[in-house]
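Q: Below: sequence and its predicted model.
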Amino acid sequence: MNPGNIAQTAQAIRTNVSKVIVGKEDIVDQLIIAILTSGHVLLEDVPGTGKTLLAKAVARSIDGEFKRIQFTPDLLPSDLTGIHFYNQKLAEFEFRPGPLFANIVLADEINRATPRTQSSLLESMEERQVSIDGTTHQLGRPFLVIATQNPVEQQGTFPLPEAQLDRFLFKLKMGYPTTEEGIAIMKRFMADSPLEQLAPVVSTAEIEDAKRHYTGVKATDELLGYMLAIVEATRKHPDAVLGASPRSSQALLRACQARAAIQGRDHVLPDDVKAMAVPVLAHRISLRSVQRMRADAAEHVVAGILSTVPVPADAPLVGRA
């Protein structure tokens, strides 16, 4: 599978999801990138903006299994991973898998669960496996966690620790639709939900094939230096207490490669770096308490860094060569 085939696969998913979701093309593309890179997505937005509907539409488009978990303070780790129960007919213990055994898992209001339950996601997000009673169980392929949290209501919530935030490839915001999009949504859902008639357009085998080949997209040494300069600038920023980790530079590279692939290119451009920097890096930065009062402060920090770090002038030409 070459970048042209990956672009066709991405376009098929994009077109199919657009039958249900009005607008949000950038969000859909970023979810496709997350699937290709085996990344995970944190959606931070108010209820009712279409987060669950988007996750279901993407899962149906790739013929994947979808599970939704409502996170609450009394949720236990075993409620996610599954349990061993005693089968009296067979006189033996059997494993009953939890909702993590799916291709796309929606962790709704993840910050309402206790840190113990949140930590049970770490192994599944990083290793694509869960360990239960000393036995390791592999999760499905592809595997994507889409976690949501409400940025407004903070009572009874547990903030995600930096170690867990670092496991998310993207932190995204759905946002409210425009007036035209709002009218289109009401018309589309006037009679019935189009999600019920949505059919798969890509198999999970095709997704796995694309995941194996997108890494062939090339990035020059100049562009790698450009990405690293942006990451290092987050560590030196006067408003930052903790900058982006080395894992973030790898995540930025993978996201840029996948973005180039779904656009049919075999090389990364500076535009890919600029488009991916904010959603990849902003949630990995810890700011001083004064700056945290502003909801989008981290995004402004990364955007400011992008305006100051010089772009390698010959990177596009070298990339095409």
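A: Great, that's in hand. Just so you know, these numbers come straight off a predicted model, no measurement behind them.

Q: Helix or strand for N16, just tell me which one.
A: Secondary structure from DSSP states H and E places N16 in helix 3-17.

Q: Give me the mean pLDDT for the helix or strand that comes right after that helix.
A: Per DSSP H and E, the first helix or strand lying C-terminal to helix 3-17 is helix 25-36. Mean pLDDT, helix 25-36: 90.

Q: What of stretch 245-252?
A: Summarised as a single mean, pLDDT over stretch 245-252 is 90.

Q: for stretch 283-298, same thing?
A: In the prediction, stretch 283-298 has an average pLDDT of 73.

Q: got it, and stretch 171-180?
A: Rounded mean pLDDT across stretch 171-180 is 84.

Q: residues touching the residue positioned nearest the centre of the chain, list them.
A: Centroid check for the chain by Cα atoms, centre = their mean gives V41 as the closest residue, at 2.3 Å. Contacts were defined as Cβ atoms under 8 Å, 6 or more residues apart in numbering; by that measure V41 touches Q30, L31, A34, L144, V145, I146, A147, F168, L169, F170, K171, L172. Quick note: C-beta positions are derived from backbone N, CA and C, even for glycine.

Q: with those in mind, which one is nearest to A255?
A: Closest approach to A255 among those (Cβ to Cβ): L169, at 6.5 Å.

Q: I'd say that closest one and H40 touch.
A: Yes: counting by Cβ atoms under 8 Å, H40 is a contact partner of L169 at 5.9 Å.

Q: what touches both of the two?
A: A34.

Q: Among those two, which residue is more densely surrounded?
A: L169 (27 against 21; other Cβ atoms under 10 Å).

Q: show me the contacts for the more buried one.
A: L169 neighbours (Cβ under 8 Å, 6+ apart): I33, A34, T37, G39, H40, V41, A251, R254, A255, V280.

Q: Repeat the analysis, applying 7 Å as the threshold.
A: Applying Cβ atoms under 7 Å, 6 or more residues apart in numbering to L169 gives the contacts A34, T37, G39, H40, V41, A251, A255, V280.

Q: Among those, which ones are in strands?
A: Within the contacts of L169, residues falling in strands by DSSP state E are V41.

Q: now, which of the contacts of L169 sits nearest H237?
A: V280 (15.9 Å).

Q: my guess is that closest one meets L252, correct?
A: Yes: between V280 and L252 there is a contact under Cβ atoms under 7 Å: 4.9 Å.

Q: Any figure for the gap between K19 and Q8?
A: 18 Å (Cβ to Cβ, to the nearest Å).

Q: repeat for R116
A: 44 Å.

Q: okay, these two: which has more neighbours?
A: Q8 (15 against 11).
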